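1. no sequence for this one, just the structure:
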């Protein structure tokens, strides 16, 4: 999954770190489902106690708390927890722009990037389809190549529209803006 919810510099761990530093568990609770709040609150209290036992205990306790929060967060998304990922992973071009748009409260750079990505993909798929169409009357295989490219473009466009309206966590419900 391109978003970095399970990375040490991802939003979930950043919130967990802020919660520990401020000693306010409420900072991290929005990142976990309601049914995980008690587990997180208990882990938070244990972590705060363990952090007083020296630098090594603090590092181990913090890591355990991060893992607990991310595990609960991922479970809330219906995704498995496969461990914490290192900071600095490549999340692709979209996540950094989306994060900046959120910080700046300006969706336009994200709209522009997605418009560019989708536009380029449509152009490439359309070009392949037109190329196949130009050769379609040569023989049966070329005709099949055209039909495959033509229907492929239509199906891809339909799936893109469906994803654009889908819940990001895959609950099966469409959400129209």
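-> Structure's in. What do you need? Fair warning: this is a prediction, and the values are worked out from it, not measured in the lab.
2. which other helices and strands contact the longest helix along the chain?
-> Criterion DSSP state H: the longest helix present in the chain is helix 108-135. Judged by 3 or more Cβ pairs under 8 Å, 6 or more residues apart in numbering; DSSP states H and E, helix 108-135 is in contact with helix 94-104, helix 140-165. Every C-beta, even on glycine, is put in place using the N, C-alpha and C of the backbone.
3. report the angle between the axes of the longest one and helix 108-135?
-> In this case it means helix 140-165. 160 degrees (axes from the mean of the first three to the mean of the last three Cα atoms, to 10 degrees).
4. Sort out which residues of the longest helix of the chain are buried, please.
-> 110, 113, 114, 125, 128, 129, 132, 133 (16 or more other Cβ atoms under 10 Å).
5. burial measure for residue 73, as a count.
-> Neighbour count of residue 73, defined by other Cβ atoms under 10 Å: 26.
6. In which helix or strand does it reside?
-> According to DSSP states H and E, residue 73 maps onto helix 55-76.
7. Off-centre distance for that helix?
-> From the chain centre to the centre of helix 55-76 is a distance of 20 Å (Cα atoms, centre = their mean, to the nearest Å).
8. Same question for it: list its buried residues.
-> 61, 62, 65, 66, 67, 68, 69, 70, 71, 72, 73, 74.
9. Turn these into TSV, including distance to residue 155 and pLDDT.
-> What follows is these, written out as TSV (distance: Cβ to Cβ, whole Å; pLDDT from 0 to 100):
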residue	distance to residue 155	pLDDT
61	50	98
62	47	98
65	44	98
66	41	98
67	40	98
68	41	98
69	39	98
70	35	97
71	36	97
72	36	97
73	33	95
74	30	94
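10. Nearest to residue 7 among these?
-> Proximity of the buried residues of helix 55-76 to residue 7 (Cβ to Cβ) peaks at residue 70, which lies at 9.0 Å.
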